[in-house]
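In: Dropping a prediction and its sequence here:
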Amino acid sequence: MNKTRLYWFLQIFGWLGFALINLFFVSLERTISSVQIGAFFSVAGFYLLSTHSLRYIIKKYGWFNLGFIQLLPNTLLAVAALSILNTIAQILINLIFDTLNPEDDFRLLVISVTIFVSFLFYSLWVMLYFLFHFLDNYNQSLKYQAKINEIQLNHLKSQLNPHFIFNALNSVRALVDEDPSKAKLAITQLSNILRFSLMMDKKRTIDFENEINTVKDYLNLETIRFEERLQVKYDIEPSAYDYKIPPMMLQTIVENGIKHGISNRVKGGVIEIKCREGITDDLIIQVKNSGQLKGQTFNKKKEREGHGINNTVQRLKLIYGDRASFKIYNSDNEFVVTEIKIPKQNLTLG
């Protein structure tokens with residue numbers, strides 16, 4: 001049901017319900033005549049037409065764009081004016097249906113009560129109408145923001161694949177002349193990785209097992225290239241396999257450690273991957289690689305590349321909001337540690 005149909009559904013059945021409820025209470029005191037039924041439904045009809053007119057004014061003159069200080073007096077004046085008009089309309093309707101009792105109905109107290117009750121009904125209608133509008137706008141804003149996040153996330157993922165493929169092909173190229181048999185194996189492993197990348201390209205998160213298998217293929221590929229210069233260690237708790245993580249995220253961190261750490265050292269170094277479940281039901285991933293961060297030099301490289309660390313931080317923010325965390329730091333003057341904390345369920349994008 002679209003918003004216009006919903007509006008008219010609520011208007012018609014709301015004021016129809018108003019008339020029926022009033023008739024019910026009157027029936028408890030006396031027998032209802034067809035004339036009284038006509039009078040009550042006519043009053044309900046006036047409420048419907050008058051509130052619809054108020055809606056027209058609100059939309060035409062852009063009351064939704066007004067600040068609270070401007071909106072409040074405008075609304076109060078409109079509700080007060082409609083309450084007076086409604087009271088006049090009730091007098092005329094009772095006169096037409098011959099249900100008017102001048103001695104009772106024209107007393108100041110009766111007229112004042114009628115105006116006050118009308119004011120309450122119109123005030124309730126206005127509050128519900130504005131509440132519906134603001135909730136609808138808020139919902140649309142959330143959908144719009146989610147769509148923007150989705151576009152940004154897809155853009156970030158599209159940056160990762162070309163970067164990864166470029167580095168992987170360089171690894172294979174280095175082996176072609178040196179060891180054709182190893183190059184063959186490397187091509188097979190690269191094929192597995194690319195197939196995984198294509199299959200998972202449209203997913204926000206994937207099973208941890210799929211990601212770690214891809215990382216192992218990647219590190220096997222790099223081990224062929226670096227030979228004894230690269231040592232790989234795994235320390236993965238079984239509980240880690242219950243989680244989902246963004247595709248290519250762990251692989252990107254490992255690749256970053258090799259590119260900025262291992263490859264810059266004559267003796268190579270170590271890549272150690274630890275994954276465990278934290279006390280707050282989060283997955284804690286630590287990637288430890290030989291090397292050292294060098295302050296502003298590293299940050300400038302990161303900004304120029306437009307992917308890697310900065311990309312990973314943005315993806316975590318888009319998918320998990322503030323529930324995920326990322327930090328990278330030097331450890332023992334020999335290693336760089338990248339630590340990521342991921343919640344068990346996604347909240348931002350679902």
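Out: Sure thing, it's come through. In this text the structure is predicted, and so the values were computed from the model without any measurement.
In: what about F25, neighbour count?
Out: Residues near F25, counting by other Cβ atoms under 10 Å, number 8. To be clear about C-beta, it is placed using only N, CA and C from the backbone, and glycine gets the same treatment.
In: quick one: contacts for it?
Out: Counting by Cβ atoms under 8 Å, 6 or more residues apart in numbering, F25 touches no other residue.
In: cool, and L100?
Out: Listed by Cβ under 8 Å, 6+ apart, the contact partners of L100 are I91, N94.
In: Quickly note the distance from it to Q36.
Out: The gap separating L100 from Q36 is 12 Å, by Cβ to Cβ, to the nearest Å.
In: Repeat that for L77.
Out: Counting by Cβ to Cβ, the gap from L77 to Q36 is 33 Å.
In: same question, I93
Out: Counting by Cβ to Cβ, the gap from I93 to Q36 is 11 Å.
In: what do these two both touch?
Out: The contact sets of I93 and Q36 do not overlap (Cβ under 8 Å, 6+ apart).
In: Can you pull the phi and psi angles for I32?
Out: With angles defined as degrees, to the nearest 10, I32 sits at phi -90, psi 130.
In: Oops, could you answer that again for F106 instead?
Out: Dihedral angles (degrees, to the nearest 10) for F106: phi -100, psi 10.
In: what is in contact with L100 and Q36 at once?
Out: Common neighbours of L100 and Q36 (Cβ under 8 Å, 6+ apart) do not exist.
In: for R204, helix, strand, or coil?
Out: Assigned with DSSP: H, G, I helix; E, B strand; the rest coil, R204 falls in the coil class.
In: shouldn't it be in contact with P246?
Out: Yes: at 6.8 Å, R204 counts as touching P246 under the criterion of Cβ atoms under 8 Å.
In: Of these two, which one has the most company?
Out: Between R204 and P246, counting by other Cβ under 10 Å, P246 is the more crowded of the two (27 against 20).
In: Give the burial count for the residue lying closest to that one once chain neighbours are set aside, as a bare number.
Out: Residue nearest to P246 in three dimensions, not counting chain neighbours: R315, with 5.2 Å by Cβ to Cβ, 6 or more residues apart in numbering. R315: 23 surrounding residues under other Cβ under 10 Å.
In: Kindly state the pLDDT recorded for R315?
Out: pLDDT for R315: 81.
In: Also the one 5 residues further on?
Out: The predicted local confidence for Y320 comes out at a pLDDT of 85.
In: Quickly find the element holding it.
Out: Y320 belongs to helix 309-320 when elements are defined using DSSP states H and E.
In: buried residues in that helix?
Out: Residues I309, N311, T312, V313, Q314, R315, L316, K317, L318, I319, Y320 are the ones in helix 309-320 that count as buried (16 or more other Cβ atoms under 10 Å).
In: Which single one of those residues is nearest to Y61?
Out: Nearest to Y61, judged by Cβ to Cβ, of these is L318 at 38.8 Å.
In: Just list the residues touching A174, thanks.
Out: R225.
In: That one in helix, strand or coil?
Out: Under the three-state scheme (three-state DSSP), A174 adopts helix.
In: how near is it to E227?
Out: For A174, the distance to E227 - Cβ to Cβ - is 11 Å.
In: Now do the same contact list for the closest residue to F121 other than its chain neighbours.
Out: Leaving aside its chain neighbours, F121 sits nearest to Y47 (6.8 Å; criterion: Cβ to Cβ, 6+ apart). Y47 makes contact with W15, F18, N86, F121 under the criterion Cβ under 8 Å, 6+ apart.
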